[in-house]
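Trainee: return a 3D structure for these sequence lines:
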Amino acid sequence: MKSIELRRTIVQILQVSRQGHLGSAFSLVEILRVLYDDILRYDPKNPQWTHRDRFILSKGHGCLALYVILAEKGFFPKSELWKFCQDEGILGGHPDHGVPGVEVSTGSLGHGLSIGIGFALNARYEKIDSRTFVVIGDGECNEGSIWEAAMCASKHRLSNLTVIVDHNEQQSYDTTFKVQNLEPFADKWRSFGLAVTEVDGHSVEELRSVLSNLPLESDKPSAIICHTVKGKGIKFVENNLNWHHKSRITDEEIQSLLAALEVADA
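Mentor: Reported below is the predicted structural model:
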């Protein structure tokens, strides 16, 4: 199963690097898989192709999921994956615009959506039919800049812009409900003038269906709230904040992760 293979590759990267944001990457796997398999228009041999769709991973700490997809699609050699967070490699702990296929550097939360608005406005100005997709985290929505950007997107009726929220209900040190309650979440986005729908963020079929029928409304930016599980795919990682970030992963932990994925693939 492709999703399990992608998650296995992420763990194999951690086996070399011994550090990274596993839970945040695992919650993104199906979202990014569908975007790059079925939705986005791009050319890995010409990453700066003018008519490409733009993709921004604003929650940059989930970058391991993006890296395995970009390598699979041929943006850079797969050998780079095994140099993650090493001096001789190009892949850091957050996406950098110097990496082929990465549009902008992200990681300082709250910036990606504003940049995406710039891309969407420029496409309109240049009369280019490219679209912009921005993946943000739900914890990231604590940032006021997210809501300033939402107002701006609505004001300019950017129907070529889609916001995808990885709504796993967890952030670095507690649940989103306890840190800064987002509810009523979908209604917030609607009140800022976006067209909104909600999907199972781990259902390839649901994701493919909604992302293939954009914009949700012809004169509005779209917001897709993806209900996900942080650490999806390995039971002892799911919703376990100890796996938000690991800086010293042991051999025993790696073997446990790989064994759990083998069971899931059986």
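
Trainee: please enumerate the helices of the stretch 51-200 of the chain.
Mentor: Secondary structure of the stretch 51-200 of the chain, counting by DSSP state H, counting those that start in this stretch: helices at 63-73, 112-126, 144-155, 176-180, 185-191.

Trainee: closest one to Leu161 among those helices?
Mentor: For Leu161, the closest of those is helix 112-126, at 4.1 Å, according to Cβ to Cβ. The way it works is simple: take the backbone N, C-alpha and C, and place the C-beta from them, glycine included.

Trainee: buried ones in the closest one, by neighbour count?
Mentor: Across helix 112-126, burial judged by 16 or more other Cβ atoms under 10 Å covers 112-117, 119-121, 123-124.

Trainee: which members of the residues you listed define the maximum pairwise distance?
Mentor: Gly112 and Arg124 (19.0 Å).

Trainee: low-confidence ranges, the stretch 151-266 of the chain, go.
Mentor: Applying pLDDT under 70 to the stretch 151-266 of the chain picks out residues 265-266.

Trainee: again, only using 80
Mentor: Residues of the stretch 151-266 of the chain meeting the criterion pLDDT under 80: 264-266.

Trainee: ranking the helices of the stretch 51-200 of the chain by burial, who's on top?
Mentor: The highest average neighbour count among these, using mean count of other Cβ atoms under 10 Å, belongs to helix 63-73 at a mean of 24.

Trainee: which elements pack onto it?
Mentor: Applying 3 or more Cβ pairs under 8 Å, 6 or more residues apart in numbering; DSSP states H and E, we find helix 63-73 packed against helix 2-17, helix 22-26, helix 29-34.

Trainee: out of those, deepest packed?
Mentor: Highest mean neighbour count of the helices and strands packed on helix 63-73: helix 22-26, a mean of 28 (counted as mean count of other Cβ under 10 Å).

Trainee: export that helix as PDB, just CAs?
Mentor: Extracted C-alpha coordinates of helix 22-26, given in PDB (Å, rounded to 0.1, in the frame of the first residue of the first chain):
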ATOM      1  CA  LEU A  22       7.400  12.100  12.800                       C
ATOM      2  CA  GLY A  23       3.800  12.700  14.000                       C
ATOM      3  CA  SER A  24       3.400  15.900  11.900                       C
ATOM      4  CA  ALA A  25       4.700  14.200   8.800                       C
ATOM      5  CA  PHE A  26       2.500  11.100   9.200                       C
END
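
Trainee: other SSEs contacting it?
Mentor: helix 2-17, helix 63-73.

Trainee: need the contact partners of it.
Mentor: When contacts are defined by Cβ atoms under 8 Å, 6 or more residues apart in numbering, helix 22-26 is touched by residues 7, 10-11, 14, 59, 61-65, 137, 166, 168, 170, 230-234, 237, 240-241, 243-246, 257.

Trainee: for it, what does the pLDDT average out to?
Mentor: Mean pLDDT, computed over helix 22-26, is 95.

Trainee: how far out from the middle of the chain is that helix?
Mentor: 10 Å (Cα atoms, centre = their mean, to the nearest Å).

Trainee: what's the answer for stretch 31-51, then?
Mentor: The answer for stretch 31-51 is 14 Å, by Cα atoms, centre = their mean.

Trainee: kindly check the end-to-end length of it for me.
Mentor: One end of stretch 31-51 sits 22 Å from the other (Cα to Cα, to the nearest Å).

Trainee: still on that earlier bit, next, format the helices of the stretch 51-200 of the chain as a markdown table and append distance to Gly93.
Mentor: Formatted as a markdown table, those follow (distance: least, Cβ to Cβ, whole Å):
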| stretch | distance to Gly93 |
| --- | --- |
| helix 63-73 | 7 |
| helix 112-126 | 16 |
| helix 144-155 | 22 |
| helix 176-180 | 22 |
| helix 185-191 | 28 |
